[in-house]
Each structure stands twice: as C-alpha cells, then as structure tokens.
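[1] pasted the sequence and its predicted model underneath.
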Amino acid sequence: MSKVAVVYWSGTGNTEAMANKVAEGAKAAGAEVEVISADDFDGTDISGFDGVAFGCPAMGDEELEDSVFQPVFEACEAKLAGKKVALFGSYGWGDGEWMRSWEEKCQNDGVALAVDSVICNEDPDDEAQAACIELGKAIC
C-alpha cells in the first residue's frame, strides 16, 4: 500500500475542497492518505510518502501563496525525486499562469509530475472534482 500526502493551502476553501477530492481518489486507489494543511507541515517529513499532491490557489499577480505555502513547497522540492508528484489549485482571475509557472519550476528542479495539473476557476465544479479524484488515483 502506498502512502500519499495531500499538502495544501486554501484562503477561501476552494483549494481545500479540491484537496479532499484528491484524497478521495487516492483512498479509492488503495493508498493510505494524509491531508495536511501547509500551516501544519514544515516539509521535513516528506520522505515517508510515496506520492505527494500539492495544492495552492493563485495569489496576487498569479503566484503561489508566499508566506506559508511557498516555503513549505521549497522545503520539500529537493526531496521529491522518485516520488509521484502532482499539483492542483483554484484561481479567481487570470488564466492559470501561476500553475504554468509552478509546473515549469518543478520541471527545472527535476521534479517529474505524474499527471496533468488540475486547476479550476473559483469553486470546483463537477468536472474539476472528477479531475481531482483522478489526480489522487494517479499519485498512488
């Protein structure tokens, strides 16, 4: 059985709802899952997980939340080699540039993403929820 972490930050609850759907998918695929708010995670214990899904909404000028989430993600980056990694998040404006930038950063740092990232505008609709469940299954 694989062990999966779903690490997220959510300001409005939209990304948290996505995180719960990711966890639902991973559990359905037979994984042991921990859903962890970035506020409660420092990144040092990432080695205990086979797969990790990171969720963060677009903030400011389409960027990651920089006071809590970004430091946690950066603490994990060097430890992600060989793990199944996926990204997800919501936005309220723009066109998803923050996710493309985040994916590019992962690629430049040698982090291989296991599945296409999932983004949604505001509340995750049925399509976004289904995509999050599939994302969860893919990181097991």
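    Great, that's in hand.

[2] what's the distance between residue 112 and residue 82?
    Residue 112 is 9 Å from residue 82, where distance means CB to CB, to the nearest Å. In this view, the C-beta of every residue, glycine as well, is placed from N, C-alpha and C.

[3] residue 94 should be in a helix, yeah?
    No: secondary structure assignment places residue 94 outside any helix; it is coil (DSSP: H, G, I helix; E, B strand; the rest coil).

[4] that one - how many residues pack around it?
    The number of residues packed near residue 94 is 12, by other CB atoms under 10 Å.

[5] can you give me phi and psi for the nearest residue to it once chain neighbours are set aside?
    What sits nearest to residue 94 in space, not counting adjacent residues and going by CB to CB, 6 or more residues apart in numbering, is residue 62, at 4.6 Å. Here the main-chain torsion angles of residue 62 (degrees, to the nearest 10) amount to phi 50, psi 70.

[6] I figured residue 62 hits residue 101, correct?
    Yes: under the criterion of CB atoms under 8 Å, residue 62 lies in contact with residue 101, with a separation of 7.4 Å.
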